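Generate a structure from the sequence data that follows.
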Amino acid sequence: MPTHTPPRILIACYYFPPMGMGGVQRPLKFAKYLPEFGWDVTVIAPDVGSYHQFDPTLLDDLPATVRVERVKPWTPDRLPFKVRRQSSGIRGRGRIAPVLRRAWNQWTRLPDDKVFYARQACRLAQRLHREKPFDVVLTTSPPPSIHHVGESLRSHVIWVADFRDPWAIRAGDWGATPLHKAINQKSMQRIVRSADRLIAVNDGIAATLAQHGPAHPVEIIHNGYDESDFADTSTASARDANFTIVCPGTFSEEFSPEPIFAAVRAWKNSGTQLTVRISHVGASIGIDANAMADRCGLDAIFDEVGYLPHSQSIRAIVAADVIAIPIRDIQGSGAIVPGRIFEALRTLRPILLIAPLPGAAARLLQGVPGCWVVAPDDTGAGAAALHQIALLTRTAPVRRIADIARFDRRDQTRRLSELCALLADESRRSAGP
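Alright, predicted model coming up:
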């Protein structure tokens with residue numbers, strides 16, 4: 001009898017374990033669950049020596065059948081520059097100076113500073129396809145340059161381009177000059193129009209992609225939560241005497257905690273008798289959260305825990321009295337839906353989202369039980385939300401699993417599998433006997 005050969009899918013990405021932080025979760029969970037739906041999975045990811053945070057425990061999620069091929073990315077640190085380390089008086093080869101790095105990153109944004117990695121990934125993908133052809137290639141950004149892998153295979157393989165973030169959020173993301181912007185916008189249009197299907201994580205990104213004339217409607221597959229990540233959190237629900245506000249994920253220019261601190265200060269000034277603690281579980285990049293808390297007079301109740309392995313961060317948010325997530329109202333932030341929102345939803349704990357109104361994150365949570373959504377400049381509404389949350393029974397769930405089941409990672413991967421299988425089947429039929 002003939003042996004069934006499972007269809008083969010290549011996932012090309014940049015952010016992947018052992019890198020940590022939220023950006024790695026989407027390709028990781030796709031790679032985890034696609035084999036359950038009958039796919040032979042290969043991942044192309046970088047072999048990096050430095051990153052903001054690492055979490056090797058995430059690799060435990062991958063089935064043994066998933067093949068991960070690593071590319072050692074070429075970076076500007078490998079340029080033959082000599083850097084004078086004036087503080088120590090040592091002259092010799094060292095890391096590229098920060099000012100040169102920033103200039104390099106801006107001038108090489110065609111479309112981003114990972115373009116050299118993408119070119120290496122293209123060559124590897126082509127070699128792997130020659131050795132044993134793929135049926136589908138999924139390219140998932142950021143960085144946008146990863147979609148060049150799909151372009152390089154599209155004449156032979158079904159190509160699905162996945163957008164976890166907008167192509168460009170800040171004006172500087174287009175590059176250093178008007179010429180950079182023109183080239184990058186042309187590249188975006190070409191990719192949007194040539195991919196066999198586009199996937200976006202939210203309606204805001206989908207609407208932006210749709211403006212560039214894709215051949216088919218943009219599919220929306222949200223980020224989500226993995227039920228298995230919550231299997232061992234039952235004992236984490238114990239709470240001490242403090243009313244604990246947990247801020248999960250990265251603090252940065254886009255995700256500044258200042259509006260959370262302002263809301264807590266206003267709430268405390270209104271006369272609450274609760275003993276309040278604010279805990280940040282995650283990295284801080286480009287901002288000083290402790291200094292912000294100090295300016296708001298909250299330094300005594302603010303704990304900068306730092307980045308934790310994913311399993312520990314899940315336990316931290318499960319034990320929260322309220323999970324607070326900030327998004328600043330700046331250019332491009334209305335299209336952002338942080339992945340941490342979905343795990344916060346699964347905790348069944350109250351959520352305070354301080355984000356642009358309207359915006360993709362606000363639209364997602366409005367109407368979901370146990371979620372309070374306020375604008376970043378409405379400190380009074382933030383304080384009022386905290387007051388309402390504090391009146392709730394601390395251990396009682398504020399929503400049901402049924403309210404959020406559409407965000408389950410396994411179910412999201414099932415939808416991806418069905419889409420890819422449909423496209424592969426259509427391709428086989430059109431090719432004929």
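
State whether residue 337 is indeed within a helix.
No. Remark: residue 337 does not belong to a helix; assigned using DSSP: H, G, I helix; E, B strand; the rest coil, it is coil.

count of residues packed around the closest residue to residue 423 other than its chain neighbours?
Using Cβ to Cβ, 6 or more residues apart in numbering and skipping the chain neighbours, the partner closest in space to residue 423 is residue 158 (4.6 Å). Quick note: C-beta positions are derived from backbone N, CA and C, even for glycine. As a burial measure, the neighbour count of residue 158 was computed by other Cβ atoms under 10 Å and equals 27.

And residue 158, its phi and psi?
Note on residue 158: backbone dihedrals following degrees, to the nearest 10 are phi -60, psi 130.

gap between it and residue 420?
Here residue 158 is placed at a distance of 7 Å from residue 420 (Cβ to Cβ, to the nearest Å).

Any chance you could list residues touching both of those two?
By the contact definition Cβ atoms under 8 Å, 6 or more residues apart in numbering, residue 158 and residue 420 are jointly contacted by 135-136.

how about the residue lying closest to residue 71 once chain neighbours are set aside, what does it touch?
The spatially closest residue to residue 71, leaving aside those adjacent along the chain, is residue 120, at 4.8 Å (Cβ to Cβ, 6+ apart). Contact criterion Cβ under 8 Å, 6+ apart gives 71-74 as the residues in contact with residue 120.

I'd like the distance from whichever strand or helix holds residue 316 to the chain centre, please.
In the assignment (DSSP states H and E), residue 316 maps to helix 310-318. Taking Cα atoms, centre = their mean, to the nearest Å, one finds helix 310-318 lying 17 Å from the centre of the chain it belongs to.

go on, stretch 154-170?
Centroid separation for stretch 154-170 versus its chain: 15 Å, with Cα atoms, centre = their mean.

Tell me the buried residues in it?
With burial defined by 16 or more other Cβ atoms under 10 Å, the residues of stretch 154-170 counted as buried are 154, 157-169.

Serialize the residues you listed to TSV and add fields for secondary structure.
As requested, those are exported to TSV (three-state DSSP):
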residue	secondary structure
154	coil
157	coil
158	strand
159	strand
160	strand
161	strand
162	strand
163	strand
164	coil
165	coil
166	coil
167	coil
168	coil
169	coil
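
ok, of these, which one's closest to residue 355?
Of all the buried residues of stretch 154-170, residue 169 has the smallest distance to residue 355: 14.4 Å, by Cβ to Cβ.

care to break the chain down by domain?
8-74+110-224+408-431, 228-406 (automatic domain parsing).

Just send those domains back as CSV, with mean pLDDT too.
Below are those laid out as CSV (pLDDT from 0 to 100):
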stretch, mean pLDDT
domain 8-74+110-224+408-431, 92
domain 228-406, 93
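
How many residues are close by residue 200?
Neighbours around residue 200, by other Cβ under 10 Å: 25.

tell me the helices in this structure, going along the chain?
Secondary structure of the chain, counting by DSSP state H: helices at 25-33, 98-107, 115-131, 147-153, 178-194, 203-210, 258-269, 289-295, 310-318, 340-346, 360-365, 379-390, 401-404, 409-431.
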